[in-house]
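**Q** sequence first, then the predicted structure:
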Amino acid sequence: MMLLNRHPEHDQPLAATDAATLGIAGAEEAERFLEARDNHAETPLHALPALAGALGIAALHVKDEGRRLGLGSFKALGGAYAVIRLVLEEAGRRLGRAVDVGEINDAPVRAVAAQMTFCCATDGNHGRSVAQGAGVVGARSVVFVHAGVSRERVAAIARFGAEMVRVEGGYDHSVREAARIAAERGWTVVSDTSWPGYERIPGLVMQGYTVIVREALRRLPAPPTHVFLQAGVGGFAAAVARHLAIVLGEQRPKVVVVEPARAACIYATAEAGRPMKIAHEQPTVMAMLECHEPSPLAWRVLSRLGDAFMTVDEEDAVAVMNRLARPLGNDPAIVSGESGGVGLAGLIRAAEDKDMRMALGIDSSSRVLIVNSEGATDPGRYTELVGMALEEVLGAQEPA
């Protein structure tokens, strides 16, 4: 199922605030903060020429976020970055001077951080990032998880020192509960989705994701013509699409937003032309994308820069995990979690459909960029779906 963007907003200019948040200066700041982290390392960009040939395109590159900052997900760039930024800003207010990221281990800054509590709702990866960021600066973190988050993912968050709170219902219920409790107790919500009156912090989270684009463009032999971006609430897709548009201008790639058919709130929003909340019916294996209400901040960007919106089915996501684990030819093996390869699932579906290829302008000259947004964040589930132990796939990977 695919929908081309034909709404009037598509050709209208974006808000200046979005350009400032997701522009070059903001991305440089996010990268500077990242370089101050002890375990920072650029994630690999893999070329997959054999798969590109099978799909009838010129080039396919996969930016692999499965190794980011020890968290196994691109989310490591967002929540932690926002937490550190907020602590330094609060320290600056209390100390009466500008406080730089190089001071995060200094006693006066850590004394301020120790008095701050950050909370969020999560499907798993964002919560780990917020908890990790709080741990880096010595702050407290409280993470709300809904009924569908596995015990393994809860334990992975708790290992970073977060207090865990289980909430009945789905992701959207946990977002509202986290906001309610935070307002009562004076905590700071670090959410990856926005709502009216709450945009700056989700904007900082999105700003952290722009690092992915900066790293990829430095390594790509030529700019991409197409990018397929998976979406939950839309923050990741919006951040990547906006930064690509700012850096590449009129040469920006076509942006295709891909979601699970069972949780396609962005697709429903694109269809209606306004933010839509969809019913929570069947769960999806693509758990990190199981969101039923878009971020208004993300939609403001995607309504203008999203060229097409599409959905993929449960079997598509599992098939991509297996395809990446057992690559064609000399392509490298890549560990991709249930949600990690959804952009690639969208590309495969589009490339194999004559009408979709034509509508998106995919041909033998196309250069496609995909982001593997997560590795095996639940190793047991990965082994169950792929039929190979994680160690077997990792052993087939080329060194980073």
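**A** Perfect, I can see it now.

**Q** which strands or helices does the lengthiest helix in the chain pack on?
**A** The longest helix of the chain (DSSP state H) is helix 200-219. Of the remaining helices and strands, those touching helix 200-219 by 3 or more Cβ pairs under 8 Å, 6 or more residues apart in numbering; DSSP states H and E are helix 16-22, helix 24-35, strand 45-47, strand 59-64, helix 79-95, helix 235-248, helix 296-305. (C-beta placed from N, C-alpha, C; glycine too.)

**Q** counting contacts, what elements does the shortest one pack onto?
**A** If contacts are counted by 3+ Cβ pairs under 8 Å, 6+ apart, strand 45-47 sits against strand 59-64, helix 200-219.

**Q** neighbours around residue 268, how many?
**A** Burial of residue 268 is recorded as 22 neighbouring residues (other Cβ atoms under 10 Å).

**Q** circling back: so for residue 359, which of the helices and strands packed on strand 45-47 sits nearest?
**A** Closest of those to residue 359 is strand 59-64, at 19.3 Å (criterion: Cβ to Cβ).

**Q** now do stretch 273-284, average pLDDT.
**A** The pLDDT scores in stretch 273-284 average 92.

**Q** for it, list the C-alpha coordinates in PDB.
**A** Below are the C-alpha coordinates for stretch 273-284, written out as PDB (Å, rounded to 0.1, in the frame of the first residue of the first chain):
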ATOM      1  CA  GLY A 273      -4.000  15.700   5.600                       C
ATOM      2  CA  ARG A 274      -4.000  16.300   9.300                       C
ATOM      3  CA  PRO A 275      -2.700  14.400  12.400                       C
ATOM      4  CA  MET A 276      -4.800  11.300  13.000                       C
ATOM      5  CA  LYS A 277      -4.900   8.900  15.900                       C
ATOM      6  CA  ILE A 278      -5.600   5.400  14.800                       C
ATOM      7  CA  ALA A 279      -7.100   2.500  16.800                       C
ATOM      8  CA  HIS A 280      -4.800   0.100  18.600                       C
ATOM      9  CA  GLU A 281      -5.800  -3.300  17.200                       C
ATOM     10  CA  GLN A 282      -3.300  -6.100  16.500                       C
ATOM     11  CA  PRO A 283       0.200  -5.800  17.900                       C
ATOM     12  CA  THR A 284       3.100  -5.800  15.400                       C
END
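
**Q** before we move on, the earlier item: what comes up buried for the longest helix of the chain?
**A** 201-217 (16 or more other Cβ atoms under 10 Å).

**Q** chain center to it: distance?
**A** For helix 200-219, the separation from the chain centroid amounts to 10 Å (computed by Cα atoms, centre = their mean, to the nearest Å).

**Q** okay, the angle between it and helix 296-305?
**A** Angle of helix 200-219 versus helix 296-305, following axes from the mean of the first three to the mean of the last three Cα atoms, to 10 degrees, is 40 degrees.

**Q** hmm, who's touching the helix or strand just after helix 200-219?
**A** Sequence order places strand 226-230 as the next helix or strand after helix 200-219, per DSSP states H and E. Residues from elsewhere that reach strand 226-230 (Cβ atoms under 8 Å, 6 or more residues apart in numbering): 236-237, 240-241, 244, 253-259, 286, 289, 339, 342-344, 346-347, 350, 360-362, 366-371, 373.

**Q** follow-up on the earlier one: which stretch among the helices and strands packed on helix 200-219 comes nearest residue 136?
**A** Closest among these, once you apply Cβ to Cβ, is helix 79-95, at 6.4 Å.

**Q** related to what we said a few turns ago, now do the longest helix of the chain and helix 235-248, the angle between them.
**A** Computed by the same axes, to 10 degrees, the angle between helix 200-219 and helix 235-248 is 50 degrees.

**Q** then helix 200-219 to PDB, C-alphas only?
**A** Extracted in PDB, the C-alpha atoms of helix 200-219 (Å, rounded to 0.1, in the frame of the first residue of the first chain):
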ATOM      1  CA  ARG A 200      11.600  22.000  22.200                       C
ATOM      2  CA  ILE A 201      12.700  18.800  23.900                       C
ATOM      3  CA  PRO A 202      11.400  16.500  21.100                       C
ATOM      4  CA  GLY A 203      13.200  18.900  18.800                       C
ATOM      5  CA  LEU A 204      16.500  18.300  20.600                       C
ATOM      6  CA  VAL A 205      15.900  14.500  20.400                       C
ATOM      7  CA  MET A 206      15.500  14.800  16.700                       C
ATOM      8  CA  GLN A 207      18.500  17.100  16.400                       C
ATOM      9  CA  GLY A 208      20.600  14.200  17.800                       C
ATOM     10  CA  TYR A 209      19.500  12.000  14.900                       C
ATOM     11  CA  THR A 210      20.900  14.400  12.300                       C
ATOM     12  CA  VAL A 211      24.400  12.900  13.100                       C
ATOM     13  CA  ILE A 212      23.300   9.900  11.100                       C
ATOM     14  CA  VAL A 213      23.000  12.000   8.000                       C
ATOM     15  CA  ARG A 214      26.300  13.900   8.500                       C
ATOM     16  CA  GLU A 215      28.200  10.600   8.900                       C
ATOM     17  CA  ALA A 216      26.500   8.900   5.900                       C
ATOM     18  CA  LEU A 217      27.000  11.800   3.500                       C
ATOM     19  CA  ARG A 218      30.700  11.900   4.400                       C
ATOM     20  CA  ARG A 219      31.100   8.300   3.300                       C
END
